[in-house]
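Chemist: When you get a sec, could you give me coordinates for this:
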Amino acid sequence: MRLVMNEPVERMDRPYARRWWALLVLCLSLLIIVMANTALTVAAPDMTRDLGLSSSDLQWVIDGYTVPYAALMLLLGAIGDKYSRRGALVLGLLVFGGGAVFGYLADSAATVIAARAVMGVGAALIMPATLSLLAATFPRAERAKAITLWTATAGLAIAAGPVVAGALLKNHGWASTFLINVPVAAVALVAAFVLVPPSKAGHHDRIDYVGGLLSVVWTGALVYMIIQGPHFGWDAKAITAAVVAGAGLIAFVLWELRHPRPILDVRRFAHRRFAGANLAVALFFLAVFGAFYYLTQHLQFVLGYDALATGVRMLPLAGAVFVGSALTGYLTPRVGMKWTVSAGMVGGTTALALLTRIDAGSSYGDLVAPLIILGLAIGLALSPCTDAIMGSFPESELGVGGAVNDTSLELGGSLGIAILGSLLATSYSDHLSDATAGSRLPASALSTAQDSVGAGYAVAQGIGDKARQLAAQAAHASDPQQAGQLKAQAGQLAEGARQMKDAVGSAFADAVAHTSLVGAVVLGVGTLAVALLLPRGTAPEAEPAEDEEKELVGSGANQPG
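Modeler: Down below sits the predicted model:
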């Protein structure tokens, strides 16, 4: 057995014998780039405390990864198609691992944000490469099953990130959550050379770099606007980003329509199957990422679970993803993509609707059913959509196909966190203001508490600490009258701290319910749109990709070079 796999998959006369081992490498690579975000959600409180991060700093620590990740995928996917898909995967793992080491050594907000941005560039190389290598390595008959396992890995990573990070935070600092990516990336890198065959497009047309750069501009500006506007206000930066995104998108579409070999043939969006699949992915992850954003906060702050316990309590979602993925493998060939995807989106809507019942008295038990239903929904909906998107591209453009799928996912997730996160913050602030009306809480303390649920509990803790200090002074006071006054003040503050803590928990629970209602409405309307858009039947509708591939084969352009 050769130590390094050098035979290109395009030159093999039969399916690659170790393709399922290769899939394991691709899934391992996918695992770390999804975990990089979900692990950060439980490490954020410790990072904020140690580095003194402002809310703006923390937001960009999270989203510094998202902007380059979303913006660069299409261009890097096309470059991987032309030169080497495995090379893109390997380079991405090196960049991602380097960014993780940089993050481990970081000691300021700026360096952490920079490290996250480097990791985002690595992820933009890895993500489309995993899907393009999967599609190139597996024959059509097995591709749907392989994509199902790839999808299930993403679901596992959503829950695994908090569990692993929580276990590390028991005995180590937040920086350790960066370092966990390094050994996994190293194993995946070595295994990529041993198990993953090289692959690239058979033809050697020049890359549409103008279209690629326009895609970077409009996608990056759009993601920046999504982050900046809802979280920090619609200032000059957000408005400028919106204008650049709109102008860039128009220029991109016009350029791609006129280019003989566009980086992305935008005419594909006229096909119902392709357009419906992309819309479903974006809307579904708008709901999933938004819900994950506020559920982890509810578990940590309101229900009081530590980082590890929070991660463990998200595991029902991961288990349900695997069950849903198994179901979609059985159902889709029998009833068709339209009904499987629609069922998954109905399940997601139902999960969000169940979360509208959350209130101040809710326990973890009230979250179990929504988590399981949401996991089943992810498993049902995502695999058929990804298979449909990848099947819409010829073999020469698999990297672009993976990038389109992943960009839809990332844009949906960014919108979910931005829109639902903004609604959550506004609703929490309003509910807290109502709950503390008539109290003697200083305006500055209320303003601080309204910033976030963590800030609210910090204010309550500060009031409680002051009460304990006064009680201690009362115990040591020599003057009985002074001791009585101090004790009375301590009692008032202690009662105020208790009321503040109750008000924060109640306000955030109400905000979760309100935000879930909005999310359920958005996903419900989106479900109807997707159901109307997707074609009936179990067989894919004819796409121009097939004709393009035949032309390439007929002309000899698709022969390995």
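
Chemist: ok, now which ones touch residue 58?
Modeler: Counting by CB atoms under 8 Å, 6 or more residues apart in numbering, residue 58 touches 44, 47-48. Any C-beta I mention is one placed from the backbone N, CA and C, and that applies to glycine too.

Chemist: Would you mind listing where the stretch 401-550 of the chain has pLDDT under the threshold?
Modeler: 537-550 (pLDDT under 70).

Chemist: rerun that using 80 as the cut-off
Modeler: Counting by pLDDT under 80, the stretch 401-550 of the chain contains low-confidence ranges at 437-445, 451, 477-479, 481, 537-550.

Chemist: and stretch 174-185, how far from the chain's centre?
Modeler: Relative to the chain's own centre, stretch 174-185 is displaced by 18 Å; criterion: CA atoms, centre = their mean, to the nearest Å.

Chemist: tell me the mean pLDDT for stretch 352-366?
Modeler: Mean pLDDT, stretch 352-366: 93.

Chemist: Okay, buried residues for that stretch please.
Modeler: 352-356, 358, 362 (16 or more other CB atoms under 10 Å).

Chemist: how about the helices in the stretch 251-400 of the chain?
Modeler: Applying DSSP state H, counting those that start in this stretch to the stretch 251-400 of the chain gives helices spanning 272-297, 307-312, 315-335, 337-355, 365-391, 398-415.

Chemist: got those helices as CSV, with distance to residue 259 columns?
Modeler: Formatted as CSV, the helices of the stretch 251-400 of the chain follow (distance: least, CB to CB, whole Å):
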stretch, distance to residue 259
helix 272-297, 19
helix 307-312, 46
helix 315-335, 34
helix 337-355, 30
helix 365-391, 21
helix 398-415, 13
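
Chemist: how about these, which one is nearest residue 91?
Modeler: Among the helices of the stretch 251-400 of the chain, the nearest to residue 91 by CB to CB is helix 398-415 (13.0 Å).

Chemist: So which elements touch the helix or strand that that closest one is followed by?
Modeler: Next helix or strand after helix 398-415 toward the C-terminus (DSSP states H and E): helix 421-435. Using 3 or more CB pairs under 8 Å, 6 or more residues apart in numbering; DSSP states H and E, the elements in contact with helix 421-435 are helix 209-232, helix 272-297, helix 443-449, helix 480-533.

Chemist: so where is the stretch 251-400 of the chain shaky, pLDDT-wise?
Modeler: 307.

Chemist: quick one: average pLDDT of the helix or strand encompassing residue 150?
Modeler: Per DSSP H and E: residue 150 is located in helix 140-169. On average, the pLDDT along helix 140-169 is 84.

Chemist: Just the closest of the contacts of residue 58 to residue 249, please.
Modeler: residue 44 (31.9 Å).

Chemist: how much space between that closest one and residue 70?
Modeler: Using CB to CB, to the nearest Å, residue 44 is found at 20 Å from residue 70.

Chemist: that older thread, quick check, nearest of the buried residues of stretch 352-366 to residue 125?
Modeler: residue 352 (33.2 Å).

Chemist: so what's the closest one up against?
Modeler: 287, 291, 370, 374, 516-517, 519-520, 523.

Chemist: so residue 115 sits right up against residue 102, yeah?
Modeler: Yes: taking contacts as CB atoms under 8 Å, residue 115 lies within contact range of residue 102: 4.1 Å.

Chemist: Which one's more surrounded, the two?
Modeler: More neighbours surround residue 115 than the other of residue 115 and residue 102, with 23 against 18 (other CB atoms under 10 Å).

Chemist: Skipping adjacent residues, who's closest to the more buried one in space?
Modeler: Closest residue in space to residue 115, ignoring its immediate chain neighbours: residue 103 at 3.5 Å, by CB to CB, 6 or more residues apart in numbering.

Chemist: repeat for residue 471
Modeler: residue 490 (4.1 Å).

Chemist: residues in contact with the one you found?
Modeler: Taking CB under 8 Å, 6+ apart, we find residue 490 in contact with 467-468, 470-471, 474.
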